Structure formats: structure tokens, C-alpha cells
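K.L.:
Let me see the structure of the following:
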Amino acid sequence: MDLIRPPMGWNSFDCFGVSVNEAQVRANADFMAENLKDYGWEYVVVDIEWYSYTNQPMPDGQIYVPFGRMEMDEYSRPFPCLTKFPSAAAGEGFGPLASYVHGLGLKFGIHIMRGIPRIAAHMHSKLWNTELTADQIANPYSICEWNPDMYGIDPSKPGAQEYYDSLMELYAGWGVDFIKCDDICRMDAKSARIETEMIHRAIEKCSRDIVLSLSPGPAILEECDFYRENSEMWRVTDDFWDNWDMLRGMFDVCKNWQGKPSDEGFPDCDMLPIGRIGVGFGEERRTNFSIDEEKTMLTLWSIFRSPLMIGSDMPKLDQETINLLTNIQVLRLTEVSMGAREVYRDNEVIVWRSRDRYDDAEYVALFNISTAATSICPKPFVSNKDGRAVELWKGEEINIKSTEEIPGHGCLLIRVE
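P.N.:
Next comes the predicted model:
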């Protein structure tokens, strides 16, 4: 499934963690439809453990409970937890919530873990349209190191592909447009590569176009062609949070993956931890990123062509952040930026450059990675030194031969025609 631009939307994890519920998803979908949809934001994604009755971190900080209570149908397939998602009652699953999101002109997504519920294997639960049971396809030695909900699937067993087929057909029936599959991208498990192919095949067989997102990272650079053949996006970093050192490190990650984004698939820099986050983790706060750091993050993600997934409780966004998320000239780079490369680096400044796929205009992003403001002349980094230049965040024409001041951890994003 080719995409002209990487997916743009909202993911519940950074804000709500395992506690996400239907009211929160609807409120964020309403906000996106009213305020962001016209700027390309369209996916509403329910992240981890929507099937689990775990609703908050344990006293020791652990948020994933081994063999915790979860919703599951008689065929070993996770269903939404009814206390979190009441519209899922009577076997409706995520159908009603997906319909609500679609009614707003948006698309609906969910998170899944690689494999089959461990509790299904221990209960010898049935598999859809077979005479087999969950324990006959589960590999009890394949368990995610940080989430204990699933056993991996043994690809050599009869019924293994059929289970993933039934899972994707169920999700397609609910109206799911996007699946984020976890514990699979960095191939910690021996079967992860084959299970990726199995999930991809299952999606191809199902009755709906579904974007497949692979997590967590860091993805394996040498497997780029494999990721591209079997998914639309893949995480190139582990969980990314609102920490400058992490953001500084993403320049190295993007340099490592430069040249890899294409319409056939996108390296994924992870969610955007902006606005109000941490509600489900017992530490609701405004992001630790300053507005200049948020701008730097959005600029790097956009020129690189990473998927963009907002991580905040969007109804609580401040106007300054909304202004960043609705700058159409910046967001347009996720579609038009081609051949993005790092072209300069020293201890204070990193510069990226790319071309517009449609009109051959040039984009130059200058990042100040130091804490103090710095002044820089864009001219040495611009090919057309006599061209008309516009700084896209301000929407103002500038003279590229003049010195511009960039605040600490801030940036300039210039289009030159």
C-alpha cells in the first residue's frame, strides 16, 4: 500500500498509557476533526492494552501485569476491555468507535502485540475456523521482555497463519485502518521476521486497506528493504520522550537512515511528546520540551519524512503548539521533501537540505544544538544563492546572505526558489 505522505495523526500512549478509554479517544478525535484535519492529521490510534483491565501503574511502577485480566473472544482474539470501551459490548468490538471516528472524516487505528494471548494458550482456547487450539500454535519460550501478555506464534505449526488471518479479518470488520504491531520491529524474537511476513500476508488477504506500523526500535538498517516490503512504517528508535538528549540523539538516527524514506515506506521517529502528556502514568505535565525544541523536533521529522503522531491530550493543547501543528508549509515537507541529507555539522549547528519533488525548490533546515542563541548566515548552505527565500515557521521572506539568530535548541527552516 503506497502512501504519498507518511501517516499523520494521534496516538494515545504518551498521554494515557494503559488507562486510555473511549471517552478520551472520542474527545481527541473530536478535537482533531475540528482543529487539525484540514492540515493533514487523520489517524486516531488507540495504543497498548486496550484489551486489559489494568488501568494504572502498579505501586512498583510496573504497568503490565502477567496474566492480568483481559477481554478475549472464544477464538483467542483480544477484544476491547468493556470498562474502558463500553461501546464494544455485545461482541461489537471496536466497530462502534471506529464508526464514530470515520463519521468525523478520520481514520481509526489500534496497537497490537506480536503473538497470541498467553492466557488463551493456557486455557486451550479455540482458533477461528479450525479444529486447533491456541496452545498448539503458541511458543511459550517467546515472550516480550517488557510486556508479558503474549506468547509468540510458532510459524512452523499448522494454524499459525490462520490465526493471524482471523485476527486481521476481525480488525478489518471493525473498520480498523492502522495497526501498530509491537515487539516485532527490532527482531528480538527469532520468529519476529517470519511473524512480520505472516501479519503482512494476513493484511493483504483481509477486506480492508490497513497501514502496518512496526515497533519498537531501533529498527535494523540492513533490513530496510524487508521492512519496506512488509509494512508502511517502522520505528528507528526506542520509545522517544520529551528529553533534549533524546532529541539531540535523533539527529544521529536520522543521519543513519537518510535516503531511506520513500512513498513505499517510512522510517518512524516515534510519537511527538508535545502539549500535555503523562496522564496515565500518574504525572500529568506539560512536555519538557520548550516551544523552540518542539519546533526543532517537527522540523527534523518533517524534512526527513517521518510519520507524525501527536502524543498529547489534544483538547488541552495551548495555542502556541496548535500553531506549530497547523503550519501547512512545514507539514507539507512530509510529502514533498526528497533526498533529505545532513550537509553540515559542528558543535553548535547541524544543517539538513532537501529538494521539493514537485517544483525543485530547495529546503534548508538549520538547527542550533547548543543552549545559547547563535547567529548564522544561511548562504553557504543554499545552492541557489540568489533565489527568493522564505522562513517557513514565520512565513516571512529573508535574505539568505544576512545573518540570522537562532535561539538555543531552535531552528530555521528555509524554502529557496
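
K.L.:
Strands along the stretch 101-250 of the chain, start to end?
P.N.:
107-113, 116-117, 138-139, 150-153, 178-182, 211-214, 233-235 (DSSP state E, counting those that start in this stretch).

K.L.:
Over to the stretch 301-417 of the chain?
P.N.:
308-310, 337-345, 349-356, 362-368, 374-376, 389-391, 396-398, 404-406, 411-416.

K.L.:
What is the fourth one packed up against?
P.N.:
It refers to strand 362-368. If you count contacts as 3 or more CB pairs under 8 Å, 6 or more residues apart in numbering; DSSP states H and E, strand 362-368 packs onto helix 291-304, strand 349-356, strand 374-376, strand 404-406, strand 411-416. (Glycine included, C-beta is placed from N, CA and C.)

K.L.:
before we move on, back to that, and of the strands of the stretch 101-250 of the chain, who's closest to Asp313?
P.N.:
Judged by CB to CB, the one of the strands of the stretch 101-250 of the chain that comes nearest to Asp313 is strand 107-113, at 17.4 Å.

K.L.:
quick one: average pLDDT of the closest one?
P.N.:
With pLDDT averaged residue by residue, strand 107-113 scores 98.

K.L.:
Equivalent analysis for stretch 368-380, please.
P.N.:
Confidence over stretch 368-380 (mean pLDDT, whole number) is 96.

K.L.:
Put the alpha carbons of that stretch into PDB.
P.N.:
Extracted C-alpha coordinates of stretch 368-380, given in PDB (Å, rounded to 0.1, in the frame of the first residue of the first chain):
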ATOM      1  CA  ASN A 368      21.100  25.200  16.800                       C
ATOM      2  CA  ILE A 369      22.000  22.300  19.100                       C
ATOM      3  CA  SER A 370      23.700  24.400  21.700                       C
ATOM      4  CA  THR A 371      21.900  26.000  24.700                       C
ATOM      5  CA  ALA A 372      22.800  29.600  23.800                       C
ATOM      6  CA  ALA A 373      21.500  31.600  20.900                       C
ATOM      7  CA  THR A 374      23.800  31.700  17.900                       C
ATOM      8  CA  SER A 375      23.900  33.700  14.700                       C
ATOM      9  CA  ILE A 376      24.500  32.100  11.300                       C
ATOM     10  CA  CYS A 377      24.400  33.100   7.700                       C
ATOM     11  CA  PRO A 378      22.300  30.600   5.600                       C
ATOM     12  CA  LYS A 379      24.100  31.500   2.300                       C
ATOM     13  CA  PRO A 380      26.900  28.800   2.500                       C
END
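
K.L.:
How about residues contacting it?
P.N.:
Applying CB atoms under 8 Å, 6 or more residues apart in numbering, the contact partners of stretch 368-380 are 248, 251, 347-350, 364, 366, 385, 389, 398, 400-412, 414.

K.L.:
Pull out the buried residues from that stretch.
P.N.:
Using 16 or more other CB atoms under 10 Å as the test for burial, stretch 368-380 gives Asn368, Ile369, Thr374, Ile376, Pro378.

K.L.:
what's the answer for stretch 191-209, then?
P.N.:
By neighbour count with 16+ other CB under 10 Å, stretch 191-209 contains the buried residues 191-200, 202-203, 206.

K.L.:
So for it, mean pLDDT?
P.N.:
97.

K.L.:
Check stretch 356-363 too.
P.N.:
For stretch 356-363, the mean per-residue pLDDT is 95.

K.L.:
What's the end-to-end length of it?
P.N.:
End-to-end distance for stretch 356-363, by CA to CA, to the nearest Å: 7 Å.

K.L.:
now that stretch, how far from the centre of its chain.
P.N.:
With CA atoms, centre = their mean, to the nearest Å as the basis, stretch 356-363 stands 26 Å off its chain's centre.

K.L.:
What residues sit buried inside that stretch?
P.N.:
Buried-residue list, stretch 356-363, by 16+ other CB under 10 Å: Asp356, Ala361, Glu362, Tyr363.

K.L.:
cool, and stretch 106-125?
P.N.:
Neighbour-count burial for stretch 106-125 [16+ other CB under 10 Å]: 106-121, 125.

K.L.:
chain center to that stretch, what's the gap?
P.N.:
Remark: stretch 106-125 is offset 19 Å from the chain centroid, using CA atoms, centre = their mean.

K.L.:
Quick one: end-to-end distance for it.
P.N.:
Counting by CA to CA, you get 35 Å between the two ends of stretch 106-125.

K.L.:
cool, stretch 383-399 as well?
P.N.:
One end of stretch 383-399 sits 14 Å from the other (CA to CA).

K.L.:
Could you tell me how far Val45 is located from Asn11?
P.N.:
Noted for Val45: a distance of 4 Å to Asn11, by CB to CB, to the nearest Å.

K.L.:
cool, Asp313 as well?
P.N.:
Counting by CB to CB, the gap from Asp313 to Asn11 is 12 Å.
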